[in-house]
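Undergrad: Here is the input, now give the coordinates:
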Amino acid sequence: MLISLLLTACTDPMEIALSQPAEARKMVWGFQSLDGEQWGAPLPVASGLSSLGLAATDGALLVTGIQELRPPGWIEGLVGAPVWGLRFDGQQWHPHRWRVWDRQTPAFIDPQPFEGTMWYLSREDSAIHNADPAQADGVSIRSASPVTVRWQGAELADPSPIRHDGVLHVFATAGRDVLHLAGEPLAEVERLPGVTVPFALRFRDQLTLLAQRRHSGRRQPVISQHDGAGWSAWRPLVDLHSLHNCTSPVMGPHPTGGWVLLCVEERRQEEP
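TA: Numbers count the residues shown, from 1 in each chain. The predicted model follows:
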């Protein structure tokens, strides 16, 4: 309820394909687990969505991302494109969108719901759609509403905020590493090398981080947990089965029990 009070949400028209078209270049796959350790085989969830974010609220999972089925229309160029995504009630996935108001941000990059606001990246040339923020200077991590600049820097992507033991933590891709920020205002804590695209969550009462890295020739989810003194070694989380890769991993509680893990398979152009 908190998110819907602060963000205008609507479900029409459908922009995310809840199917598996043969020509889809990016497919969202879902894994399920009862214990967060043993995962079933991946099942197709949607196409045309990347840069995933996730939040659990009101007995449902909210998944945000960047829709890639079509470029923004002329009206969206004037008022700003909405944030697209999905809602999972435990039985079915439904297309969803949120209207977030920030006049200086015509395109919301790497959106992530958190504590009734939307966190995202904004860049000085964000009007240039489909540009890679990780390669840009003048990038800021923001939240809305109200619009608040949380951090500024170069080569930033994939902000993931979490509150753990009352402290605000934010993780983000910074070049080829993960940047860890904490506090209010935020300050740099550390950099975690060799992994990118972080997603933070609480798992078994520990601060837990998912990320992606290349393992056995494929980009796939890895997991690490903080025991209060340091991070555990990164380890692969799921068996990819036939997936070529499994990027932008996010994880949350299944509305009916257990856990859900989502990721994006980025298919090569020559693949059907």
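
Undergrad: Low-confidence stretches in the stretch 1-150 of the chain?
TA: 1-23, 69-80, 124-137 (pLDDT under 70).

Undergrad: same question, the stretch 151-272 of the chain
TA: In the predicted model, the stretch 151-272 of the chain carries pLDDT under 70 at residues 268-272.

Undergrad: and R87, what does it touch?
TA: T11, A60, L61, L62, V63, W93, H94, H96 (C-beta atoms under 8 Å, 6 or more residues apart in numbering). For every residue, glycine as well, the C-beta is placed using N, CA and C.

Undergrad: Please, where are all the strands along the stretch 51-200 of the chain?
TA: 60-67, 83-88, 93-99, 109-114, 117-123, 139-144, 148-153, 156-164, 167-174, 177-182, 187-193, 196-203 (DSSP state E, counting those that start in this stretch).

Undergrad: Partner strands of the fourth one, with direction?
TA: In the sheet containing strand 109-114, the strands it pairs with under DSSP bridges are strand 117-123 (antiparallel).

Undergrad: Then the last one?
TA: When pairs are called by DSSP bridges, strand 196-203 turns out to pair with strand 206-215 (antiparallel).

Undergrad: what's the following helix or strand after the strand it pairs with?
TA: Downstream of strand 206-215, the next assigned helix or strand under DSSP states H and E is strand 218-226.

Undergrad: so what does that next one touch, helix or strand wise?
TA: strand 206-215, strand 235-236, strand 259-266 (3 or more C-beta pairs under 8 Å, 6 or more residues apart in numbering; DSSP states H and E).

Undergrad: Within the sheet, what are the partner strands of the shortest one, with directions?
TA: When pairing is defined by DSSP bridges, strand 235-236 lines up against strand 218-226 (antiparallel).

Undergrad: Start and end of stretch 83-100, how far apart?
TA: 7 Å (C-alpha to C-alpha, to the nearest Å).

Undergrad: How far off centre is it?
TA: 13 Å (C-alpha atoms, centre = their mean, to the nearest Å).

Undergrad: Just to check, V149 is in contact with G138?
TA: No - judged on C-beta atoms under 8 Å, V149 makes no contact with G138 at a distance of 11.8 Å.

Undergrad: So which of these two has more stuff around it?
TA: More crowded of V149 and G138, by other C-beta atoms under 10 Å: G138, with 14 against 11.

Undergrad: I figured the more buried one was touching L121, is that so?
TA: No - at 10.9 Å, G138 does not count as touching L121 under the criterion of C-beta under 8 Å.

Undergrad: Mind putting the strands of the stretch 51-200 of the chain into TSV with distance to W29?
TA: TSV is the format used below for those (distance: least, C-beta to C-beta, whole Å):
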stretch	distance to W29
strand 60-67	12
strand 83-88	13
strand 93-99	12
strand 109-114	19
strand 117-123	24
strand 139-144	27
strand 148-153	30
strand 156-164	18
strand 167-174	21
strand 177-182	23
strand 187-193	25
strand 196-203	15
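
Undergrad: closest to L237 out of those strands?
TA: L237 sits nearest to strand 196-203 of all these, at 10.7 Å, using C-beta to C-beta.
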